[in-house]
Structures are given as structure tokens and as C-alpha cells.
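Undergrad: Show me the folded form of this:
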Amino acid sequence: MYEANTVSITDSELAALVSGEQSDDDFWENLQELHDQLMGDSEVNGFRVTDGLPRFRASVDDEEIAFDDLDVDYSESKNTQRVTPKLGAHVLVFEKWSERGTLTCELKHGLDKKKLDLSATAFTLPTGEVRYVVEPYYEDHDFVFGDSWTEVTRTYIVTTDSFIIELNRA
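TA: Take a look at the predicted model:
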């Protein structure tokens, strides 16, 4: 799974974040509100797309179904323009890649594969990189997030002049 969030920051917040990276103090101690914004609801989340294919497994009643058997239509979103967006402010970015993420959906009747489909999203980061994710949907049923194992996180700043500052302590 993949999720990302961005928060516009001021020059003084940029200075505080850079200072926090070089300090021995608790990184977020004086930046709690900014931390809460960054860790709030993600702008994008879903199953990752790698080499043009969604990375997820599906099962019904613990019986795994091959992706080819799902009868879902997947094509990458048309929003693939890789032009770095012009930034009006510095942007703090949080990205998280996870393994074994689960979404569940309770069905009163058996699975009808024709009712299952994927929504595809192309999310353009402030760096100009594009991340592709998919989310399943099944008629009017809601999927509920279960759990995942965080594999990698990355927190960084993209300045208005497109310079990237990694925040390894964040």
C-alpha cells in the first residue's frame, strides 16, 4: 500500500524543521500542530502500482483469487504529465509504503466478480514524481481498512525553488 500527504509551510516553519533536523531535541516538540496536519487524513492512499500492475491479492472466504480472474478493468490514470508543479510555498511531504495491507468488505450474498472494479489515481508529488495507486470498489459497499506493516517512510521538504531537504529524524 502507499499513502502520501503534503502540507504547505511558511519560511519560519521551514527554518524550524531544518533546525530540528540538526538538533538533539525531540524533532516535533515545537511543531505538534504541523505534525498533526502531516499525519492527518492522507491525500492519496491505496494499493501500489508497480510495472503497470496493481500490487494486491484478493480472496473470498480465505480462498485466493488470481488478479486475472477478478474481471477488473485497470488502466493507469490519464494524469501522467510529469512536469514539476510550480510551488507557491514550501511543501512538507510524508510518504509511506506498506506491505500486507488489508481492506475488507462484508457481502450478504456471494461475490459477483462483475461488480468488483478498481479506481486508479495518479498522484503528482511536489517533486513532479507521479505515484499510481488503485482502490477496489464493489457497487455501493464500503471497504474497511484492516492493518498493514509499514515498510518505508520518507519525510522531506520541497522548497519553492524545487530544492529537496530530507528530514531523516522526522
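
Undergrad: What's the first helix or strand after the lengthiest helix in the chain?
TA: Secondary structure of the chain per DSSP state H: the longest helix is helix 11-22. Next in sequence after helix 11-22, counting helices and strands by DSSP states H and E, comes helix 32-38.

Undergrad: mind listing what residue 6 touches?
TA: Contact analysis of residue 6 by C-beta atoms under 8 Å, 6 or more residues apart in numbering lists 43, 91-94, 125-126. For every residue, glycine as well, the C-beta is placed using N, CA and C.

Undergrad: Could you list every helix and strand in contact with the longest helix of the chain?
TA: Under the contact definition 3 or more C-beta pairs under 8 Å, 6 or more residues apart in numbering; DSSP states H and E, helix 11-22 sits against strand 90-99, strand 149-158, strand 164-166.

Undergrad: Including mean neighbour count and mean pLDDT, could those strands go into TSV?
TA: Shown next, in TSV, are the helices and strands packed on helix 11-22 (neighbours: other C-beta atoms under 10 Å; pLDDT from 0 to 100):
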stretch	mean neighbour count	mean pLDDT
strand 90-99	19	92
strand 149-158	15	90
strand 164-166	12	96
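
Undergrad: Can I get the ones you listed in TSV including distance to residue 48?
TA: Shown next, in TSV, are these (distance: least, C-beta to C-beta, whole Å):
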stretch	distance to residue 48
strand 90-99	7
strand 149-158	10
strand 164-166	21
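
Undergrad: Nearest approach to residue 136 belongs to which of those?
TA: Nearest to residue 136 among the helices and strands packed on helix 11-22 is strand 90-99; the distance by C-beta to C-beta comes to 16.2 Å.

Undergrad: who's in contact with the residue most central in space within the chain?
TA: Centroid-nearest residue in the chain, with C-alpha atoms, centre = their mean: residue 3, separated by 1.5 Å. When contacts are counted by C-beta under 8 Å, 6+ apart, residue 3 touches 42, 44-46, 95-96, 98.
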